[in-house]
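K.L.:
Can you look at this prediction? I've put the sequence above it.
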Amino acid sequence: MNIDLGKEWESFIEEQVNCGRYRCADDVIRDGLRLLVTIEPTVEESGEAFLRAVDEGVDALNRGDYVEIAREDLQEYFDRIKARGRERLSGANSLPSQ
């Protein structure tokens with residue numbers, strides 16, 4: 001098999017071999033393909049989760065289950081969401097008292 005990767009990818013592969021991370025260009029390509037095979041199901045699952053979330057959002061809108069927020073109030077709304085998230089995280093990270 002003969003593959004033209006282009007100068008940018010060829011340079012990247014050479015760097016990986018020259019720094020000693022890989023023995024040869026074939027090893028770099030094999031690792032890249034292994035990674036692709038590993039993440040492919042995750043990418044597909046993420047896409048499916050995204051579509052489910054969109055469907056849930058559309059259903060909520062159709063039920064009238066939403067809050068309208070004026071553009072000028074968006075930053076304050078987001079700040080409150082972040083603050084609640086930080087509170088939850090700090091509670092999750094604290095050790096239970098003994």
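P.N.:
Received it, and whenever you're ready, just let me know what you need.
K.L.:
List of residues touching stretch 27-37?
P.N.:
With Cβ atoms under 8 Å, 6 or more residues apart in numbering as the test, stretch 27-37 has contacts from Ile13, Gln16, Val17, Tyr22. Where you see a C-beta, it was placed from the backbone N, CA and C, and this is true even at glycine.
K.L.:
count of neighbours near Trp9?
P.N.:
Using other Cβ atoms under 10 Å, Trp9 has 14 neighbouring residues.
K.L.:
can you pull the alpha-carbon coordinates of the strand or helix carrying it into PDB?
P.N.:
Using DSSP states H and E, Trp9 falls within helix 7-18. Extracted C-alpha coordinates of helix 7-18, given in PDB (Å, rounded to 0.1, in the frame of the first residue of the first chain):
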ATOM      1  CA  LYS A   7       4.400  17.300   3.800                       C
ATOM      2  CA  GLU A   8       2.800  18.300   7.200                       C
ATOM      3  CA  TRP A   9       2.000  14.700   8.200                       C
ATOM      4  CA  GLU A  10       5.300  13.400   6.900                       C
ATOM      5  CA  SER A  11       7.100  16.000   9.100                       C
ATOM      6  CA  PHE A  12       5.000  15.000  12.100                       C
ATOM      7  CA  ILE A  13       5.800  11.300  11.600                       C
ATOM      8  CA  GLU A  14       9.600  12.100  11.200                       C
ATOM      9  CA  GLU A  15       9.500  14.100  14.400                       C
ATOM     10  CA  GLN A  16       7.900  11.200  16.300                       C
ATOM     11  CA  VAL A  17      10.600   8.800  15.000                       C
ATOM     12  CA  ASN A  18      13.500  11.200  15.500                       C
END
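K.L.:
I'd like the contacts of stretch 27-37 laid out as TSV, including distance to Asp73 and pLDDT.
P.N.:
TSV is the format used below for these (distance: Cβ to Cβ, whole Å; pLDDT from 0 to 100):
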residue	distance to Asp73	pLDDT
Ile13	51	97
Gln16	50	97
Val17	55	97
Tyr22	53	97
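K.L.:
and the two most separated of the residues you listed?
P.N.:
Ile13 and Tyr22 (8.1 Å; Cβ to Cβ).
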